[in-house]
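[1] no FASTA, just this:
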Ligand code: MN3
């Protein structure tokens, strides 16, 4: 096996009081993420060009290549979910000072950042992701991507904080209320210390 499902750094029930249930994490991490890893390993086994490559290298070489669309989807989703588990915290929601200063610089206020992020996350039509990124010029921006795409693949910038907006990420806990899931993430679950650590 080339790639492996990483363990969560918290228990499956650790986020339940903050709006992400044990059932969601069991399905999302143990089933959905594992399926991406298993499928990716199947592609690698069957394609010598992919063997020995890092996950980032596979994302770079498969992105935009129609013949490798299946590979990209699995590799992108593996990368995205590794990021996502780190973007959640049982002590989430608190924004450390250096990141807060960058958010104010980039968006005018923390509230304006959250509004921009919520707009991106709720207007991503169908499956995808919302991201806080740092662009090459050092400034922050909010973006959204479809399916398994991420800012690493598009070259838009460094992913600081990503939110999964596929229905499997919120349907158990929030049913069809994606806006409530997004707000709860921003206020109660987001690991802003992880986001700050991703700053250049
Ligand atoms: Mn997911």
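    Yes, it's here. Everything quoted here is computed from the prediction, not taken from an experiment.
[2] per-residue pLDDT, whichever residue of the chain sits closest to the ion?
    Nearest to the ion, among the residues of the chain, is residue 164, at 4.2 Å (C-beta to the ion). Every residue, glycine included, has its C-beta placed from N, CA and C. Looking at residue 164, its pLDDT reads 98.
[3] can you check residue 13 too?
    On pLDDT, residue 13 comes in at 98.
[4] Ok, residue 1 next?
    Looking at residue 1, the pLDDT reads 57.
[5] for the nearest residue to the residue of the chain closest to the ion once chain neighbours are set aside, what are its contacts?
    Residue nearest to residue 164 in three dimensions, not counting chain neighbours: residue 84, with 5.2 Å by C-beta to C-beta, 6 or more residues apart in numbering. Going by C-beta atoms under 8 Å, 6 or more residues apart in numbering, residue 84 touches 162-164.
[6] now the helix or strand containing residue 84: how far from the chain's centre is it?
    Element membership for residue 84 (DSSP states H and E) is helix 69-86. What separates the centre of helix 69-86 from the centre of its chain is 8 Å, taken as C-alpha atoms, centre = their mean, to the nearest Å.
[7] And for stretch 101-112?
    On the basis of C-alpha atoms, centre = their mean, stretch 101-112 is displaced by 21 Å from the centre of the chain it belongs to.
[8] Could I get the buried residue list for that stretch?
    Buried residues in stretch 101-112, counted by 16 or more other C-beta atoms under 10 Å: 102-103, 106-107.
[9] Would you agree residue 126 is in contact with residue 145?
    No: with contact defined as C-beta atoms under 8 Å, residue 126 does not count as touching residue 145 (11.4 Å).
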